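J.: sequence and predicted structure, then a few things I'm wondering about:
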Amino acid sequence: MTVTLIEITLRGLLNRRRTLLLVLLGVLVVLVAGLYRLADQPQAEAAGFTGALLGNFGLGVLVPLVAVIVGTAALGSELEEGTIVYLLARPVPRWRIVLAKLSVSWLVVTVLVAVPILVAGIVAHPGDPGVALAYAGSSVVAALEYTAVFMALSLVTSRALIVGLAYVVIWEGVVASLFAGTRIFSIRQHALAVAEWLDGGAVTAELAPGVALVMAGIVTVGATLLAVHRLERVELRGETA
Amino acid sequence: MSRILLDRVSRWYGNVVAVNDVSFEVGPGITGLLGPNGAGKTTLLHLMAGFLVPSAGTVRLDETPTWRHPEIYGRIGFVPEREAVHGFLTGRRFVAAAARLHRLPDAAAAAERAIAMVDLRDAAGRAIGGYSKGMRQRIKVAAALVHDPPVLILDEPFNGMDPRQRLHMMNLLRRMAADGRTILFSSHILEEVERLSDRVLVVVAGRLAASGDFRRIRRLMTDRPHSFTVRSSDDRALGRELLAEPDVSSVELRDGVLTVRTGDYGALTRSIAPAAQRAGVSLLELRPADESLESVFSYLVRR
Amino acid sequence: MGASPDLTGTIYDIGYQGYTGPRLGRRGAIGAIVGSGLRATFGLGRSGRSKVIPWGTVVLAALPAGVAIGVRVLVGDLLELYSYDNYLWGIGALFPIFVAAQAPELVVNDVRHRVLPLYFSRPISRIDYVVAKLVALSLGLLALTLVPLLLLWLGRILAEDDVVGAIGDEIGAMPAILGNGAMHAVVLASIALAISSLAGRRAYAAGAVLALFLVGSVVSGILQVQGESMANAAPFLNPLAVLDGTREWLFGGSVADAPTSVADVPLPLYGVATIVILGLSWAVLAVRYRGMTT
């Protein structure tokens, strides 16, 4: 049963042109790293560049963009197109549908972000692969948290992608960098704290890793519960509605 | 044997009332849900299938409310009107996925059986995205009956089917009904409903306008004269005689056809034979002229 | 329907008739598309929710000018938040949000709901359609790229006691204000419409436009501080930096902390980059709409 849900979700996500675009976004990170290497920069500065590339571009842009598109598509596009009825008209507990969709989306997002981040980090700064590993590892955590939030969002509003993009730009991008007090609710800051913890020094984050992990857990579980709650009560109307 | 029961069900969206205080029961056999576009057919079907919460009243499948009880889908097969399907799956995988989600012991065999029932074995290996409208409609039906449910709800099942497929689907539904299943389908094509259903439910503007056998419904419409066409050995003489009957409101002889209108369906059927006898005319044929579903339907819709 | 006992048929004349008067023709049609495009750009005639982003960004764009004028009037010449030169760079973050939200409104649903044949069955060509949409979005963008600077200009004049003399002092800035505002509007509109025309849904179009500017500015910001050769490449990854460089080339005045101030490249190169961006965008639009089977 879960296998069937996973198969349908995976094929629904991978069958689209947009997945190719998301791959290109990841390739872009690696490309920037490659150009930096080709420009033959002094190795001493490589650490700073790698941190900026993986932190600002990787965790700051790539992860939320990929997660918002995959996360809102997994359930949201089935709802919009109406194919969700073929999952809902079955005696399947709704939490199973949410968990299957969430884990597949997480997996897809992870592949699309962690691999480019790892490769880009190693290409930009081969002397210290630990930094690349730390950022890749933290991107896995961020992928789960973002995906859970965006999946719940897709069950709350039919304009989840727009709202999600606005959230990424305004909350994660502007508010959390201006107002220190809001950082505890910033997924990007959670991820940076995890990266610092994994790397042990080279990365500097604003939050303590313990706080960040606990907050990430609360947000993920909360969003997943919200998604289950909403899916149990989702209403299907006819074509015109 | 399962029944769907609606008890004083209403459903509104904001200020718009889609379904208004509807009560009925659907049992074994084929029931046609009829109504003009926008009358609330789809809303009603979605309420019955548990995809909408009633704003008031209760919708039950036997004893279980349909809303927020996913276990009812073990006993319901639902064919939605919307065409969207998981187009990237082959027909076979689509139906097999449904079977697996129903936790059928041998999902592959169940899927093959359902596909055979809708006569789609040849196309089962192709992706649904490339199916024609009629094929999509049939694969949706296959997915809905893969678990052999006692209740089948179909929203506009004949849309996009050619006449041969239509006939095949009607026969399939008849067979399933003969096995004691409860089948409810909506349509706005009167001929389909007339040919297929034992019973009709007519919804107009969100209200249940009539239910039951449509011929009976016609007889209940006493505020409109019933027409009969009569053939006899001497139409003119019979017409003259019938005019004297108190229940006959008009008699018309045109193009060799005698049409009699009466306010009382039963009275005429009882009085026509004596009248023919009095006129010395032999009665060849007596046929209700407007007892088609269409006349019933247009009456109810215009009321 | 057989409900009426009257068996004779009649078709009643309820007043429908063809239109035989003069028609507005191609110019009228283009004007109508520009007009409806402008309305879409500002969410006019739509729900309150679709007005939030366009009007919110318009207000935010004018805010620094308003504050500068207010402070000038109340306190005297104390606060110069932005000058004519760095104003658009300063409010640059608003442009991607505005075009990402509004450009898809103009073009995506025409394709998605398959109404393009209705346009092309009128006396307009496909290029007319694209040009009209471009004009509409560019005019709309002037509310961000020109109006705030005009406000600033007016405020600076009206705050002076000698208004006529102030006009004389400030009139020299006018060509730069107009030229730079128009250039920003046209280039940003072209980029956003080109990307939006490729997307199948408004949300994806918005995501793609936002992604382009986001990725561009982030990568550009990273490279800016990575030594000379990197810093020289940095502005060319960010369309807003390219526009700022072109402005500096055409009208002069360097902007501190912009990638252009760090990079050491001949200024005309920015002009070339702007032309390349415009050419690419228009080529995408031309190919997309010419090749579209409606």
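T.: Looks like it came in fine. Residues are numbered from 1 along each chain as shown, chains lettered A, B, ... in the order given.
J.: quick one: low-confidence parts of the stretch 201-303 of chain B?
T.: B:218-219, B:221-224, B:291-293, B:302-303 (pLDDT under 70).
J.: from it, which residue is nearest to chain C?
T.: Residue of the stretch 201-303 of chain B nearest chain C, by Cβ to the nearest Cβ: residue B:298 (3.8 Å). The way it works is simple: take the backbone N, C-alpha and C, and place the C-beta from them, glycine included.
J.: chain center to stretch B:66-75: distance?
T.: 23 Å (Cα atoms, centre = their mean, to the nearest Å).
J.: now that stretch: buried residues?
T.: Applying a neighbour-count criterion of 16 or more other Cβ atoms under 10 Å in any protein chain shown, one finds B:66-67, B:70, B:72-73, B:75 buried in stretch B:66-75.
J.: all helices of the chain, in order?
T.: You didn't pick a chain, so chain A it is. Along chain A, counting by DSSP state H, helices occupy A:2-14, A:17-38, A:43-52, A:63-81, A:85-88, A:94-124, A:129-156, A:160-166, A:176-178, A:187-199, A:209-232.
J.: think we crossed wires, I meant chain C
T.: For chain C, the helices defined by DSSP H occupy C:25-41, C:49-75, C:87-90, C:94-112, C:116-120, C:126-145, C:147-158, C:163-170, C:174-198, C:202-224, C:228-233, C:239-251, C:259-262, C:268-290.
J.: for chain B, which of those is the nearest?
T.: Nearest to chain B among the helices of chain C is helix C:94-112; the distance by Cβ to the nearest Cβ comes to 14.9 Å.
J.: which helices and strands does that closest one pack with?
T.: Using 3 or more Cβ pairs under 8 Å, 6 or more residues apart in numbering or on different chains; DSSP states H and E, the elements in contact with helix C:94-112 are helix C:25-41, helix C:49-75, helix C:126-145, helix C:174-198, helix C:202-224.
J.: relative to residue A:24, which of those helices is closest?
T.: The closest of these to residue A:24 is helix C:202-224. By Cβ to Cβ, the value is 10.1 Å.
J.: about what we covered before: I'd like the helices of chain C as CSV, with mean neighbour count and mean pLDDT appended.
T.: Output for these, formatted as CSV (neighbours: other Cβ atoms under 10 Å in any protein chain shown; pLDDT from 0 to 100):
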stretch, mean neighbour count, mean pLDDT
helix C:25-41, 17, 93
helix C:49-75, 16, 88
helix C:87-90, 22, 91
helix C:94-112, 24, 93
helix C:116-120, 14, 88
helix C:126-145, 22, 96
helix C:147-158, 19, 91
helix C:163-170, 13, 88
helix C:174-198, 22, 96
helix C:202-224, 23, 90
helix C:228-233, 18, 82
helix C:239-251, 24, 94
helix C:259-262, 22, 84
helix C:268-290, 16, 95
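J.: what's near enough to touch residue B:139?
T.: Going by Cβ atoms under 8 Å, 6 or more residues apart in numbering or on different chains, residue B:139 touches B:85, B:91, B:94-95, B:115, B:118, B:120, B:128, B:131.
J.: one step back: okay if I get the helices and strands packed on helix C:94-112 as CSV plus distance to chain A?
T.: Formatted as CSV, the helices and strands packed on helix C:94-112 follow (distance: least, Cβ to the nearest Cβ, whole Å):
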stretch, distance to chain A
helix C:25-41, 15
helix C:49-75, 8
helix C:126-145, 16
helix C:174-198, 10
helix C:202-224, 4
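J.: in which helix or strand would I find the residue of the stretch 201-303 of chain B closest to chain C?
T.: In this assignment (DSSP states H and E), residue B:298 forms part of helix B:293-302.
J.: and that helix, what's buried?
T.: Neighbour-count burial for helix B:293-302 flags B:293-301 (criterion: 16+ other Cβ under 10 Å).
J.: now, the most widely separated pair of the buried residues of stretch B:66-75?
T.: B:67 and B:75 (15.0 Å).
J.: would you check how far apart residue B:167 and chain A are?
T.: Distance from residue B:167 to chain A, counting by Cβ to the nearest Cβ, to the nearest Å: 26 Å.
J.: swap in residue B:156?
T.: For residue B:156, the distance to chain A equals 10 Å [Cβ to the nearest Cβ].
J.: got the confidence number for that residue?
T.: Note for residue B:156: predicted pLDDT of 92.
J.: same check on the one 3 residues further on?
T.: Residue B:159 is assigned a predicted lDDT (pLDDT) of 86.
J.: any idea which helix or strand carries it?
T.: Following DSSP H and E, there is no helix or strand that holds residue B:159.
J.: is it true that it touches residue B:137?
T.: Yes: with contacts counted by Cβ atoms under 8 Å, residue B:159 reaches residue B:137, the gap being 6.3 Å.
J.: those two: which is more packed in?
T.: For residue B:159 versus residue B:137, neighbours defined as other Cβ atoms under 10 Å in any protein chain shown are more numerous around residue B:137 (24 against 15).
J.: dump the helix or strand hosting residue B:242 to PDB, restricted to CA.
T.: Assigned by DSSP H and E, residue B:242 belongs to helix B:235-243. What follows is helix B:235-243, C-alpha atoms only, in PDB (Å, rounded to 0.1, in the frame of the first residue of the first chain):
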ATOM      1  CA  ASP B 235     -61.500   7.800 -34.400                       C
ATOM      2  CA  ARG B 236     -64.100  10.500 -35.100                       C
ATOM      3  CA  ALA B 237     -66.900   8.600 -33.500                       C
ATOM      4  CA  LEU B 238     -64.800   7.700 -30.500                       C
ATOM      5  CA  GLY B 239     -63.700  11.300 -30.100                       C
ATOM      6  CA  ARG B 240     -67.200  12.500 -30.000                       C
ATOM      7  CA  GLU B 241     -68.100  10.000 -27.400                       C
ATOM      8  CA  LEU B 242     -65.100  10.800 -25.300                       C
ATOM      9  CA  LEU B 243     -65.800  14.500 -25.300                       C
END
